[in-house]
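**Student:** Give the three-dimensional model of this entry:
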Amino acid sequence: MGLLGKLFGDDDLDKKAKGFFDSLVGSVQNKPQNNNTQNTEQSYYAAPSPAPAAAQNGPSGFSWGDTMPNEENQFNSGLTYDAYFEKVYREDFPEYRVTKQMSRTGKCCVFTFERDGRVCLKVEVLSQSSAPYKIRQECLQSGIGYTRFYHNHHGWWNTRRYVDERTRNAIK
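**Tutor:** Residues are numbered from 1 along each chain as shown. Below you'll find the predicted structure:
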């Protein structure tokens, strides 16, 4: 009997805990990668992640989890990540002038929301390996709303409702 088994009086608890941690480490080591092609800035296509409906590996939330939500999201839209966000913003925020600026590498883009000649919000859509803080800091200093999304983080689906709500909450 191991330490956990002694503490809780369960001989199988050690085996259960080991199995849980082994599966957790395995899922982190084998996380799926977004197989994007890089011919031009606009050629980043989100590969649909086929998630089995029957087996759910962990808890899911509003727009995250191992199982793809059964609603419009970045990965089932058939669009590049930037085109998906552009579509949501064009359709759900018609009262704003929204412009998009792609990075040279195509791994991130910045959407700028303007209304009545005033910048109200900047939204960064980044690769999970990015860690830029320049735009966020500039927005904070200028009193401009700011939020960010990651377009290739496993289990983060960027559902339309999630993108819409986070964006609306960030507008100043």
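
**Student:** Give me the neighbour count for the spatially closest residue to Arg160 that is not a sequence neighbour.
**Tutor:** Of all residues not flanking Arg160 in the chain, Glu72 sits nearest, at 4.4 Å (CB to CB, 6 or more residues apart in numbering). C-betas here are computed from N, CA, C, even on glycine. Using other CB atoms under 10 Å, Glu72 is surrounded by 17 other residues.

**Student:** quick one: Glu72 and Thr159 touch, right?
**Tutor:** Yes - look at Glu72 against Thr159 with CB atoms under 8 Å: they come within range, at 6.7 Å.

**Student:** Pull out the buried positions in the one helix or strand Arg168 maps to.
**Tutor:** Arg168 is located in helix 160-170, with elements delineated by DSSP states H and E. By 16 or more other CB atoms under 10 Å, the buried positions in helix 160-170 come out as 160, 162-163, 166-167, 170.

**Student:** which stretches of this structure have low pLDDT?
**Tutor:** 1-65 (pLDDT under 70).

**Student:** how about the strands in it?
**Tutor:** Secondary structure of the chain (DSSP state E): strands located at 97-102, 109-115, 118-126, 145-150.

**Student:** Quick check: buried residues in the longest one?
**Tutor:** Put plainly, it is strand 118-126. 119-126.

**Student:** what about stretch 139-148, start to end distance?
**Tutor:** 12 Å (CA to CA, to the nearest Å).

**Student:** Now do the helices in the chain.
**Tutor:** Per DSSP state H, the chain carries helices over the ranges 3-8, 13-29, 81-92, 134-142, 160-170.

**Student:** tell me what the helix holding Arg168 is packed against?
**Tutor:** Packing partners of helix 160-170 (3 or more CB pairs under 8 Å, 6 or more residues apart in numbering; DSSP states H and E): helix 81-92, strand 118-126, strand 145-150.

**Student:** Just send these back as CSV, with distance to Lys107 too.
**Tutor:** As requested, these are exported to CSV (distance: least, CB to CB, whole Å):
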stretch, distance to Lys107
helix 81-92, 10
strand 118-126, 7
strand 145-150, 11
